[in-house]
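[1] Build the 3D model from these lines:
(2 chains)
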Amino acid sequence: MSTTWDVVELEIQWHRLLALLGESALTVIRTAFSKVVSEGGDFGCLLYDRQGRMVAQDTGVSSKLAASPKTVEQAILRYPEDTLRPGDVLISNDPWLVCGHLYDVSLIKPLFHRGRLVGYAECFGHLPDVGGSLSNDSHEVYEEGLFLPIVRLLSGGNDVQEVWDIIRANVRIPNQLEGDIRAFISALEAIERRVSAFLDQYQMPDLQKLADEIISRSEKATRDNIRKNIPEGIYRNRFELDGFDASEKLAIEVAVRVEGDSITLDYTGTSPQSSKAVNCTGVYAYAWSLYAVRCFVSPNIPINKGLFNSIRIEAPLGTIVNARRPAPVRMKSSTGTFLPFAIFGAMAKVIPEKVLAESGNKCIVRCFGTDDDGRAVAETPHFMGGLGARYSKDGIACMGFPGAGGETPIEMLENSLPITILRKRLTPDSGGPGRFRGGSGQELAIRSESNAPLRMMLQNMKVQTPAAGMVGGKPGSLGRNALNGKELPGKVAVTLKKGDVVEIAIAGGGGMFPPEQRSVELLNADIDQLAVTIEGAKRDYAVSLETNKTDDKDCETVVRHA
Amino acid sequence: MLKLGVDIGGTFTDFVLLDTVTGRRYLDKVLTTPHNPAEGFMTGVKSVLKSAGLQASALQHVIHGTTLVVNAIIERKGCKTGLLTTEGFEDILEMRRGKRFDMDDLLIEAPPSLVPRPMVRGALERINKSGVAIVPFNEPVTRKRVESLVAAGVESIAVSFLHSYRNAEHEVLAARLIKEIAPDVTVSISSEVAPDVREYERTLTTVANAYTQPIVEKYIEEVTKDLEGLGYAHGLYLIQSDAGLTTGRIAAKYPVRLMESGPAGGSVAARYFSRRLKRPDIVAFDMGGTTAKVSFISNGEIVTTPELEVARHHRFKRGSGLPIRVPVVQMMEIGAGGGGIARVDEVGLLRVGPESAGADPGPACYGRGGKQATVTDANLLLGYLNADYFLGGQMALSLDDANGAIDVLAESLNLERLRAAWGIHEIVTEDMAQAARMHLMERGADPRAYAMLAFGGAGPLHACRLARKVGMKEVIIPHSAGVASAFGFLVAPISITLLRAYPTELARVDFGHLGNLYSELEARGREFLKQAGVPEGEMKLTRFGSLRYAGQGSELTVPLPEADLDSAGMKLLEANFHEQFARVYGRSNRKIEVEALNWVVVASGPTPELKTHESSALEVAMESGSRRAYFPEAGGFVDCPVLRRDMLKSGFSADGPALIEERESTTVVLPGSRFSVDEDQNLCISL
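    Numbers count the residues shown, from 1 in each chain, chains lettered A, B, ... in the order given. Sure thing, here's the model as predicted:
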């Protein structure tokens, strides 16, 4: 590590890079077309050096965390430096390179400053539609929509019209998709302008020296944190999760090996890849695994390559965490977003204070229909379950993990889709009991108002395996899907007639520590807040009901007799 | 005409009394009385009248800004409030927008709700997106639920039903029902408070209004009565978050619009100076003890935004507070002021803020036991502050204590003392530069065209360095810089922004509906102006649409051409949108339909004219000496002239470096800059 770098200047320059990414991300929020991006924030903006090492990622404005370490690396191999010109933009949605399924697209721009290549910017995000079958039941990735290997989308600042034409011809709402992609391109252009101004101001030829310093300091701090804060040893966990349907049993097997200043995650023993679209590609598993480790090792260091040099991942090919091409992967998050909990579960034995109990995750609803005027509409709202309990406090109702994106307002959804949401509320007794309670899950009902068929693909993450409790805490409630009162599997596509009602419940978060340890004061407050019912309290928390007379009123409270 | 501005802040209440004909002005400052703000208010009014030798009966306007509302929200000290929602959506406040706004911290906390869940009831009713009642308002069922809320002792009730911006009928029925059941309970309905699409934000805004209404009502009544007791014969006016003036009566009905009441005064002052000094584009910079704020004047107008996030609850993170949908002066706030604490982070780098030493113990140099190095300590060590003339000499600063605190920090960073102090100054200035840059870039603006207007206790000290970082060419430290907000109150026009959501593509506007919508908003605007005493001939009503490409997540506010509400008019509006979009984002996209979300009317009266101080004869300024101050561009510590601001006369000019001291602040003029005093006693610095 350089000892000559001035800590004041480094601080200023590092944060300037983060700020310029945040500024650029705002451009996406303001100009994107689909609600999953603009209201949900489901995208990310990143900066790489000339060697393709990640230097910084925005986490202040955008909220997509699972950035792939490979996209830019592979882009450089495919398009070496001498083939790139100012104004070029590359695009890909290869699930094995970008983010695990075709909906996630990555745009990469080589950054030029004074005629020289100085680094790369990436903007990646979730698109509402990429064509393909309107079914969750795909058997190969080919059924899941348009597959773009890394190709040039802009050349020297001009559209490569053939590629745009291919994209537009393969999706249901070309204008919406083009609008989103153009929003990402605007952000990339903004990053380039800002990086250039930055280099001018500090009279740097490129980002290399700064990148070296950021990455080496981050690596050193991460290694120090591992050595100081994470006890050496091998920690194992077998984590069960929902398969495609009730007949499929899946599990993630993880061994976390902490040795000196490094950590290895070994997924040997994990279920073989599925014939259904719940598979996770290697890059996607890698991204969530790194995020999980960062949460308990170096949560306060801004994300960059240096955080990950001390972490190794071994994921056998052909498993649900590293599926072979051309496995179906549309619902990759059904597996990928559980990796952090598999890892946290292993670490709970030694550092429960640095992790959290499992969350209720979320339900993704991909809607395709036509509006009153017969035009195609597509939206992908996400609905959140409860956050798992923490070592020192309860979980939070209606908050996803590990994804960080938000929900789309009901009124916005009803304005763009032919639906009415009949109710949307928290589910009492859904948070896993514990000294600290899991966050409540929610339930909602959606009625079709469409004269034309309305297609709805549900991806409800937890209808068979509840969110696990931790260190004695109990699991949260299960999620549920139903159509007109009839139960449906968790991952299912349905076609609604006018008046049909889909009901969705999203799981509650897991609890932490045994429920008998929860104070009756907190429990009575829970009952007041309608988060826990009296029956639930009696059943789950070893308390009984007592009626007191105060001010001529009967006052019911729960008490616990030793 | 005699006008009095009163700005109640966290520590001080500021007063500016101005004779708009002679330009004579009197300033005063008294300590804020948090237990009963009206007390400090009246003390100051008497004091400033006395120093001017005037009676209250001579005043024509008393204009007031207050942090009462925002403090009640931050401290969760509002009244006992109930919420009536559409049945099935009672958990709306707990569910927020579902976003995990802090991705780094597993111990993230959601903001505590203003209305506890037991105080929420559902009404049996439902309106759809087109405004059609698909479930009629069920009075008997709703009556029972309202009765149970009233029985639970609520003082105020917020009513917020789905799609009420499209059809307010059910909310109006509910309000009537509540008034019938409990005439003493105040009622806020979302279709009046914030008729905007997006149910969480609209509900929360209505709740915040209900939560503070009884308090504000009582307060305004009390102040009005006290003023009348002194002989003041006119109404009390309040400044709203969007920098418009409103009457006491309207303010008491919509207190949520007073959220940024005080800081908005700074923006009006900035607009005044912008017009007076013919600098159409201004970055206004206000730095105090705990925060720094940056706001903007663009083309002579205050830049406003439709939403404000207040009371950030978790690590100052964006998203951890309460999003309130009211028109508000756009302001970037940074959690680092003079009291901002410097520390070493995990990777061994120096950081400043957002933790603040506050007033107690305060920075180490206050000598009250503060041990951590702060921005003020660094500024003292660098020679920018005068240990013997802080707050006009009321409070002596201890250089030894500042050195001690900075040494501890420097040691852990392996830096020299001076380098550490400079680092603190540099980093806090850089943080503010980032906020200013973010905004300028967002608007595609060229910083060289902007002048910076700096005020607040620490603003003039950091302003030149900040402006240079952003690439600006000029800094102005206005007269009355210490009480700039209160001064701004005096130059604000009577104004109200009214809006209603009606989401539709421009190509499919129902002109009948839109016409009715505008007629209603404009009638309300006229009525408001009339009640505030604006003559018919001076009323100005301007229409706007908040537009976006169909499906986008955020809107631009575009002025409606003065054309008929027909398809030709919509074509013009659409053309304006494409043009504005291209200006802001670099390109437009004519392939995609344009849709509107909200329709807006701004109703305002004339901007007050006023005369400021006549210039006095040119005189040579008196130096009050010199001291060593640190300027890296001059090679380090140099002897720097120290001037007293009140001894500088109009027309005086000199080269930097210089330290210009006044009671409330010190202006640092950098080497290579030149400063002059204009005819209004503003300090103009060309960088």
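[2] How about the residue in the stretch 201-350 of chain B that chain A sits nearest to, nearest residue that isn't a chain neighbour?
    Of all residues in the stretch 201-350 of chain B, the one sitting closest to chain A is B:Leu349 (4.1 Å; CB to the nearest CB). Quick note: C-beta positions are derived from backbone N, CA and C, even for glycine. Leaving aside its chain neighbours, B:Leu349 sits nearest to A:Glu11 (4.1 Å; criterion: CB to CB, 6 or more residues apart in numbering or on different chains).
[3] how about that neighbour, what does it touch?
    B:Asp345, B:Leu349, B:Leu350, B:Arg351, B:Gly423, B:Ile427 (CB atoms under 8 Å, 6 or more residues apart in numbering or on different chains).
[4] The second one reaches A:Trp5, doesn't it?
    No - judged on CB atoms under 8 Å, B:Leu349 makes no contact with A:Trp5 at a distance of 9.9 Å.
[5] With neighbour numbers in mind, choose between these two.
    B:Leu349 (22 against 18; other CB atoms under 10 Å in any protein chain shown).
[6] Using the three-state scheme, assign the residue nearest to B:Leu349.
    helix (DSSP: H, G, I helix; E, B strand; the rest coil).
[7] Low-confidence ranges, the chain, go.
    Answering for chain A, as no chain was given. Counting by pLDDT under 70, chain A shows low-confidence ranges at A:1-4, A:34-36, A:38-40, A:551-552, A:562.
[8] I was thinking of chain B, sorry if that wasn't clear
    For chain B, the stretches with pLDDT under 70 are B:10-11, B:315-316, B:359, B:441-444, B:586, B:611-623.
[9] residues near residue 503, how many?
    Assuming you mean chain A. By other CB under 10 Å, 19 other residues sit near A:Glu503.
[10] Oops, wrong one, chain B.
    Other residues within reach of B:Pro503, judged by other CB under 10 Å, total 19.
[11] Need the CA coordinates for the helix or strand hosting it. CSV is fine.
    Using DSSP states H and E, B:Pro503 sits in strand B:495-505. Taking Å, rounded to 0.1, in the frame of the first residue of the first chain, the C-alpha atoms of strand B:495-505 are listed here in CSV:
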residue,chain,number,x,y,z
SER,B,495,-48.8,33.2,-2.8
ILE,B,496,-50.3,29.7,-2.8
THR,B,497,-49.6,26.6,-4.9
LEU,B,498,-52.6,24.5,-5.5
LEU,B,499,-52.6,21.2,-7.3
ARG,B,500,-54.7,18.2,-8.1
ALA,B,501,-53.8,14.9,-9.6
TYR,B,502,-55.5,13.8,-12.8
PRO,B,503,-53.3,11.2,-14.5
THR,B,504,-54.0,11.1,-18.2
GLU,B,505,-52.1,11.0,-21.5
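[12] is chain A contacted by the helix or strand following it?
    Sequence-wise, the next helix or strand downstream of strand B:495-505 (DSSP H and E) is helix B:511-531. No - using CB under 8 Å from any CB of the partner chain, we find that helix B:511-531 stays clear of chain A, coming within 15.1 Å at best.
[13] Let me see the residues that make contact with helix B:511-531.
    Contacts of helix B:511-531 (CB under 8 Å, 6+ apart): B:246-247, B:249-250, B:494, B:496, B:498-500, B:502, B:536, B:539, B:541, B:543, B:565-566, B:599-605.
[14] hmm, 6 Å instead?
    If you take CB atoms under 6 Å, 6 or more residues apart in numbering or on different chains as the criterion, helix B:511-531 is touched by B:Ile496, B:Leu498, B:Arg500, B:Tyr502, B:Met539, B:Leu541, B:Leu565, B:Trp599, B:Val601, B:Ala603, B:Gly605.
[15] For the nearest residue to A:Ser133 once chain neighbours are set aside, grab the count of nearby residues.
    Excluding the flanking residues, the one nearest A:Ser133 by CB to CB, 6+ apart is A:Glu143, at 5.0 Å. Neighbourhood size, A:Glu143 [other CB under 10 Å]: 15.
[16] Can you tell me how far A:Glu143 is from chain B?
    Distance, A:Glu143 to chain B, using CB to the nearest CB, to the nearest Å: 26 Å.
[17] Can you give the distance of stretch B:42-55 from its chain's centre?
    Offset of stretch B:42-55 from its chain centre (CA atoms, centre = their mean, to the nearest Å): 27 Å.
[18] which of the residues in that stretch are buried?
    Within stretch B:42-55, the residues scored as buried using 16 or more other CB atoms under 10 Å in any protein chain shown are B:Met42, B:Thr43, B:Gly44, B:Val45, B:Val48, B:Leu49, B:Ala52, B:Leu54.
[19] so where does the first one fall, helix or strand?
    Secondary structure here is read from DSSP H and E; on that basis B:Met42 sits in helix B:37-52.
[20] The helix or strand hosting B:Ala72 - contacts with which helices or strands?
    Remark: B:Ala72 resides in helix B:68-74, with elements defined by DSSP H and E. The contact analysis (3 or more CB pairs under 6 Å, 6 or more residues apart in numbering or on different chains; DSSP states H and E) places helix B:68-74 against helix B:199-230.
[21] Could you rerun that using 8 Å?
    Using 3 or more CB pairs under 8 Å, 6 or more residues apart in numbering or on different chains; DSSP states H and E, the elements in contact with helix B:68-74 are helix B:199-230, strand B:308-310.
[22] Out of these, which gets nearest to B:Pro478?
    strand B:308-310 (25.1 Å; CB to CB).
[23] buried residues in that closest one?
    B:Leu308, B:Val310.
[24] which neighbours does that strand have in its sheet, and in what orientation?
    Applying DSSP bridges, strand B:308-310 is found paired with strand B:322-324 (antiparallel).
[25] A:Gly395 against A:Ser359, yeah?
    Yes - counting by CB under 8 Å, A:Gly395 touches A:Ser359, with 7.2 Å between them.
[26] so what's in contact with those two at the same time?
    A:Gly386, A:Leu387, A:Gly388, A:Gly438, A:Gly439, A:Gly509, A:Gly510.
[27] Within reach of chain B, which of those are there?
    A:Leu387.
[28] Pop out the phi and psi values for the residue nearest to A:Ser133.
    A:Glu143 adopts backbone torsions of phi -80, psi -10, taken as degrees, to the nearest 10.
[29] so when I look at B:Ile424, I'm seeing a helix, right?
    Yes - secondary structure of B:Ile424 (three-state DSSP): part of a helix.
[30] thought it was touching B:Ala342?
    Yes - with contact defined as CB under 8 Å, B:Ile424 reaches B:Ala342; the gap is 4.7 Å.
[31] Enumerate every residue touching B:Leu382.
    B:Ala421, B:Trp422, B:His425, B:Ala629, B:Tyr630.
[32] Chain neighbours aside, what residue packs nearest to residue 293?
    All of this is about chain A. Nearest one to A:Val293, counting by CB to CB, 6+ apart, is A:Ile311 at 5.3 Å.
[33] try again with chain B
    Nearest one to B:Lys293, counting by CB to CB, 6+ apart, is B:Asp286 at 4.7 Å.
[34] which of the residues in stretch B:556-570 are buried?
    Result for stretch B:556-570 [16+ other CB under 10 Å]: buried residues B:Leu556, B:Thr557, B:Val558, B:Leu560, B:Leu565, B:Gly569, B:Met570.
[35] For the first one, give me phi and psi.
    Read it as B:Leu556. According to degrees, to the nearest 10, B:Leu556 has phi -110, psi 140.
[36] mind checking how far A:Asn415 is from B:Thr203?
    For A:Asn415, the distance to B:Thr203 (CB to CB, to the nearest Å) stands at 17 Å.
[37] which one of those two has more residues nearby?
    Each of A:Asn415 and B:Thr203 has its neighbours counted (other CB under 10 Å); B:Thr203 has more, 27 against 19.
[38] ok, residue 142 - how many residues close by?
    Using chain A here. 13.
[39] You answered for a different chain; I wanted chain B.
    Neighbourhood size, B:Thr142 [other CB under 10 Å]: 22.
[40] I'd like the distance between it and chain A.
    17 Å.
[41] Report the secondary structure state of that residue.
    With three-state DSSP as the criterion, B:Thr142 reads helix.
[42] Where do the strands of the stretch 51-200 of chain B begin and end?
    B:61-66, B:81-86, B:120-123, B:126-127, B:133-135, B:156-160, B:186-189 (DSSP state E, counting those that start in this stretch).
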